[in-house]
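A.B. asks: Everything below, folded, please.
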Amino acid sequence: MTEFKSSPEIKHIAIAGNIGAGKTTLCEQLGKQFNWRVHFESTDDNPYLSDFYNDMQRWSFNLQVYFLNNRYRQILNIQNGDHTVIQDRTIYEDAYIFAPNLHDMGLMPTRDFNNYRDLFELMMSQVKAPDLLIYLKADISTLVSHIQSRGRDYEGSMSLDYLKRLNERYENWISDYTVGNLLVINANEVDFKNNPEDLGKVVNMVSAELHGLF
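C.D. replies: Okay, the predicted model is just below:
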């Protein structure tokens with residue numbers, strides 16, 4: 001694999017992708033390869049996630065504000081810190097994918113959604129985009145396979161329609177992403193969890209992008 005040491009000016013790498021795309025796995029692997037600190041998405045200690053999957057309408061706003069707050073704090077810590085950090089999921093996904101999807105499905109009232117978007121826009125006026133955004137592109141069959149293999153109880157009630165809606169939003173968001181550097185990795189074609197050769201390919205892709213940043 002290509003050896004690479006981050007420039008001190010590179011502080012924030014972020015991985016985006018639908019539920020089950022492989023974000024956490026890739027965060028762990030790239031963190032080890034490049035000696036980056038890893039900021040994971042908060043799921044195990046999330047006080048709303050289980051309730052949300054059982055009653056989305058009741059808990060949608062609470063859950064989205066929790067994620068928004070959590071990731072905003074992460075970004076502030078990253079930008080004020082002295083280390084390069086790779087982040088599992090981005091604040092953009094909360095605001096451009098999950099919250100509007102819930103609103104369109106009638107699971108978040110317009111009043112709450114507008115309040116949420118105002119809060120997001122205020123937060124984004126205070127922070128910078130990631131130095132590099134890595135998007136894990138995956139089709140529904142790949143997502144379902146990953147979700148089933150990890151066996152989280154609260155994901156068992158997730159519908160295929162929900163995943164499809166999210167995937168469409170991801171594709172639309174990424175096609176219009178212009179606030180920073182972007183690397184798209186097709187998760188349908190690489191198995192970076194189980195195949196060292198595939199992981200090497202991904203590492204080389206990331207390294208090439210980083211060499212071009214500064």
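A.B. asks: Strands of the chain, start to end?
C.D. replies: For the chain, the strands defined by DSSP state E cover 12-17, 37-39, 85-88, 132-137, 182-186.
A.B. asks: can you give me how far the longest helix seen in the chain is from the chain middle?
C.D. replies: Criterion DSSP state H: the longest helix present in the chain is helix 56-80. Computed by Cα atoms, centre = their mean, to the nearest Å, the separation of helix 56-80 from the middle of its chain amounts to 12 Å.
A.B. asks: Quick check: Gly180 touching Tyr135?
C.D. replies: No - using Cβ atoms under 8 Å, Gly180 makes no contact with Tyr135, being 11.5 Å away. Yep, even glycine has a C-beta here, placed from its N, CA and C like the rest.
A.B. asks: These two: who's more crowded?
C.D. replies: Tyr135 (25 against 15; other Cβ atoms under 10 Å).
A.B. asks: so who does Phe40 touch?
C.D. replies: Listed by Cβ atoms under 8 Å, 6 or more residues apart in numbering, the contact set of Phe40 reads 24, 27, 88.
A.B. asks: what about the first one, distance to Glu41?
C.D. replies: If I follow you right, that is Thr24. 7 Å (Cβ to Cβ, to the nearest Å).
A.B. asks: Common neighbours of these two, please.
C.D. replies: Counting by Cβ under 8 Å, 6+ apart, the contacts common to Thr24 and Glu41 are Asp88.
A.B. asks: tell me the centre residue of the protein?
C.D. replies: With distances taken as Cα atoms, centre = their mean, Arg89 lies nearest the centre of the chain, 1.9 Å away.
A.B. asks: Show the contacting residues for it.
C.D. replies: 14-17, 23, 41, 71.
A.B. asks: Can you find the helix or strand in the protein with the smallest mean pLDDT?
C.D. replies: Lowest by mean pLDDT, DSSP states H and E among the helices and strands of the chain is helix 140-150, with a mean of 83.
A.B. asks: Do a quick rundown of the helices in the protein.
C.D. replies: Using DSSP H, the helices of the chain run over 23-34, 49-54, 56-80, 91-93, 99-104, 110-124, 140-150, 160-175, 196-211.
A.B. asks: Would you tell me which of those helices gets closest to Glu9?
C.D. replies: With Cβ to Cβ as the criterion, Glu9 lies closest to helix 196-211 of these, at 10.7 Å.
A.B. asks: what comes up buried for the closest one?
C.D. replies: Buried residues in helix 196-211, counted by 16 or more other Cβ atoms under 10 Å: 199, 201-203, 205-207, 209-210.
A.B. asks: swap in stretch 59-67?
C.D. replies: Quick answer for stretch 59-67 (16+ other Cβ under 10 Å): 59-61, 63-67.
A.B. asks: Same check on stretch 176-185?
C.D. replies: By neighbour count on 16+ other Cβ under 10 Å, the buried set for stretch 176-185 is 177, 181-183, 185.
A.B. asks: what do you get for stretch 46-63?
C.D. replies: 46, 48-49, 52-53, 56, 59-61, 63.
A.B. asks: Which residue in these has the weakest pLDDT?
C.D. replies: By pLDDT, Tyr53 ranks lowest within the buried residues of stretch 46-63, coming in at 82.
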